[in-house]
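Undergrad: When you get a sec, could you give me coordinates for this:
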Amino acid sequence: MVYGLNACRSVFKNRPGDLLRVFFHESRRRDLMEVKKWCSTHKLPYRKLDDESLNKVAASVHHEGVVMVVRPMRIAPVRSLIRQGLPEGEVALALDRVENPHNLGAILRSAAYFGAAGVILEAAEGERVFSPSAVRMAEGGLECVPCYQAGDLPSALRDIRGRGLFVLGADIRSSLSIYDAPLKFPCVVVFGNEREGLSERARKRCDAIVHVPGRGHVESLNVSVAAGVILAELFRRRTGAG
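TA: So this is what the prediction gives:
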């Protein structure tokens with residue numbers, strides 16, 4: 001189940017063959033003309049519903065007037081990323097037990113915005129990784145960034161380092177600022193769990209660990225905000241922007 005206008009548009013743009021069924025509100029009729037034409041041509045059901053019915057179909061009030069039923073996206077195993085490596089100067093992300101779907105979606109959106117080469121998620125084979133809420137929060141980012149699944153993230157990070165990639169951890173407990181840290185590219189940045197930060201096993205696999213400096217009255221940033229700040233700094237360094 002995918003809902004939200006930008007998320008649904010991105011699914012249709014990038015993998016229309018996975019579309020199975022569409023529900024929409026009258027207010028989205030013009031926005032979905034191409035989608036409806038596709039459905040008619042390929043004999044796929046599409047149906048106009050009122051807000052209350054869409055709320056029930058999506059199991060959410062945040063559907064923005066469109067809901068799609070699609071085939072699940074296939075997530076590649078992390079070994080494929082380890083085998084091929086990253087192109088020169090590129091950045092990928094690894095998420096160490098990040099659980100909140102809103103954080104996951106927001107991180108995917110930032111990864112897409114800054115042109116990340118991939119996102120590694122820790123999940124057992126066959127486990128559902130992305131909830132409909134996470135897909136909506138990604139605003140189409142899920143379809144733009146290659147995702148990889150690791151059954152044991154610290155082991156994957158060990159193998160990534162073995163291929164010569166620089167592994168950078170993000171943790172508020174670090175004394176090294178992201179703005180002062182010497183970095184190497186290509187690079188994989190590891191972000192930790194919302195409550196506990198990086199696990200000890202993941203920390204041991206990092207070449208360096210940094211934090212985002214601040215002087216406010218709260219202890220730390222939300223993980224998705226920290227990811228956006230760090231990705232922006234890495235983008236600046238690898239492109240010479242700013």
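Undergrad: For the protein, which segments count as strands?
TA: 2-3, 19-24, 46-48, 66-70, 76-77, 91-95, 119-122, 147-150, 166-170, 187-191, 208-210 (DSSP state E).
Undergrad: in the chain, which residue is closest to the centre?
TA: Closest residue to the average C-alpha location of the chain: L108 at 2.4 Å, with CA atoms, centre = their mean.
Undergrad: quick one: that residue and G140 touch, right?
TA: No: look at L108 against G140 with CB atoms under 8 Å: they stay out of range, at 9.1 Å. Any C-beta I mention is one placed from the backbone N, CA and C, and that applies to glycine too.
Undergrad: Just give the nearest non-adjacent residue to R21, would you?
TA: Using CB to CB, 6 or more residues apart in numbering and skipping the chain neighbours, the partner closest in space to R21 is V69 (4.1 Å).
Undergrad: Burial check on the one you found, number of neighbours?
TA: When neighbours are counted by other CB atoms under 10 Å, V69 registers 15.
Undergrad: In contact with R173: list those residues for me.
TA: By CB atoms under 8 Å, 6 or more residues apart in numbering, R173 lies in contact with G197, I209, H211.
Undergrad: And the pLDDT at it?
TA: R173 carries a pLDDT value of 90.
Undergrad: before we move on, the earlier item: closest one to P132 among the strands of the chain?
TA: strand 2-3 (5.9 Å; CB to CB).
Undergrad: who does the closest one pair up with?
TA: Using DSSP bridges, the strands paired with strand 2-3 are strand 66-70 (antiparallel).
Undergrad: Could you chop the protein up by domain?
TA: Per automatic domain parsing, the structural domains of the chain span 2-70, 76-239.
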